[in-house]
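Asks: With the input below, show me the fold.
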Amino acid sequence: MPINIIIAGPRGKMGSEAVQMVSNEESFTLVACIDRKNGGKALKDLEPFPGLDVPIFEDPEQCFQTVDADVFIDLTVPDVGFEHTKLALLYDIHPVVGTSGFSSEQVAALEDLSVTHGTGCIIAPNFAVGAVLMMQFAKTAAKYLPDVEIIEKHHDQKLDAPSGTAVKTANMIQETRENKQQGHPDEKEILDGARGAQIEGVHIHSVRLPGLVAHQEVLFGGPGQTLTIKHDSYNRASFMEGVKLSVHKVMGLNKLVYGLENILE
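Replies: A predicted model of the protein is given here:
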């Protein structure tokens with residue numbers, strides 16, 4: 001039986017990629033989209049989607065009330081994505097969320113709601129399988145090379161900094177690395193922010209430039225050696241296999257799972 005899917009933000013770069021992926025997957029059926037500008041229209045009325053006779057709703061609650069859906073995909077922006085995800089859980093629709101920038105308090109609130117309703121939810125800071133492997137390799141390396149910094153680079157339209165992937169990487173590193181202060185004890189920033197942000201001693205540096213998509217380097221240093229673990233997404237198709245996997249996996253969950261690595265076998 002096909003999985004019925006609602007997508008938020010179909011005109012966005014990630015959302016439009018998700019529309020194409022869902023439309024091309026035999027086991028999925030796109031039943032509606034949520035868009036803040038085109039309520040009452042169909043996807044076929046929008047230039048990138050000829051032939052897709054799928055209704056568009058401006059009001060997400062009306063969409064969730066009206067449409068029979070199994071999964072809700074949100075790849076929008078943090079504030080909107082959080083409200084969308086709450087509503088989907090309230091209507092027992094399984095969210096798959098790639099919107100980064102949620103606070104720990106927001107994730108905790110969604111986790112409570114997911115458990116209360118017994119409705120599975122997957123939130124992934126990064127849906128690229130290679131990026132997830134990069135994070136896992138970094139976690140292992142930090143046990144042996146605890147001096148580490150993260151450089152993440154994204155397109156200049158990204159709203160949050162540092163990226164959810166960088167924060168998730170730093171959190172995973174802390175599972176194997178003892179908290180330590182890096183650099184010279186008398187180090188002084190001549191310009192505020194020159195050393196980047198910090199999560200328990202791990203410095204994170206954010207770059208925002210046109211031409212980039214999503215890139216991250218985790219740099220480790222030790223006596224006489226360095227190790228760099230790097231991942232690059234050159235286009236947004238790189239995220240779709242993770243989204244597809246999450247749609248299948250979320251149907252069997254009754255709680256929130258944070259991070260694609262937790263559903264990889």
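
Asks: going forward, measure contacts between C-alpha atoms and count neighbours the same way
Replies: Noted.

Asks: how near is Asp79 to Gly9?
Replies: Look at Asp79 and Gly9: by C-alpha to C-alpha, to the nearest Å, they are 13 Å apart.

Asks: So between these two, which is more surrounded?
Replies: Between Asp79 and Gly9, counted using other C-alpha atoms under 10 Å, Gly9 has the larger neighbour count: 22 against 12.

Asks: who touches that one in this structure?
Replies: Residues counted as contacts of Gly9 (C-alpha atoms under 8 Å, 6 or more residues apart in numbering) are 15-16, 33-36, 74-76.

Asks: Just those residues: which are in helices?
Replies: 15-16 (DSSP state H).

Asks: Select only the buried ones of the contacts of Gly9 in PyMOL?
Replies: Command for PyMOL that selects the buried part of these, burial taken from 16 or more other C-alpha atoms under 10 Å:
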select buried, resi 15+16+33+34+35+74+75+76
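
Asks: Please state the offset of stretch 143-160 from the chain centre?
Replies: Relative to the centre of its chain, stretch 143-160 is centred 15 Å away, using C-alpha atoms, centre = their mean, to the nearest Å.

Asks: looking only at pLDDT, what's the mean for it?
Replies: Stretch 143-160 shows a mean pLDDT of 96.

Asks: Quick one: end-to-end length of that stretch, please.
Replies: 29 Å.

Asks: In this structure, what residue spans correspond to helices?
Replies: According to DSSP H, the helices that the chain contains are 13-24, 60-66, 78-90, 104-117, 129-142, 164-174, 240-250.

Asks: could those helices go into JSON lines alongside distance to Asp186?
Replies: Below are the helices of the chain laid out as JSON lines (distance: least, C-alpha to C-alpha, whole Å):
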{"stretch": "helix 13-24", "distance to Asp186": "44"}
{"stretch": "helix 60-66", "distance to Asp186": "52"}
{"stretch": "helix 78-90", "distance to Asp186": "37"}
{"stretch": "helix 104-117", "distance to Asp186": "32"}
{"stretch": "helix 129-142", "distance to Asp186": "24"}
{"stretch": "helix 164-174", "distance to Asp186": "24"}
{"stretch": "helix 240-250", "distance to Asp186": "44"}
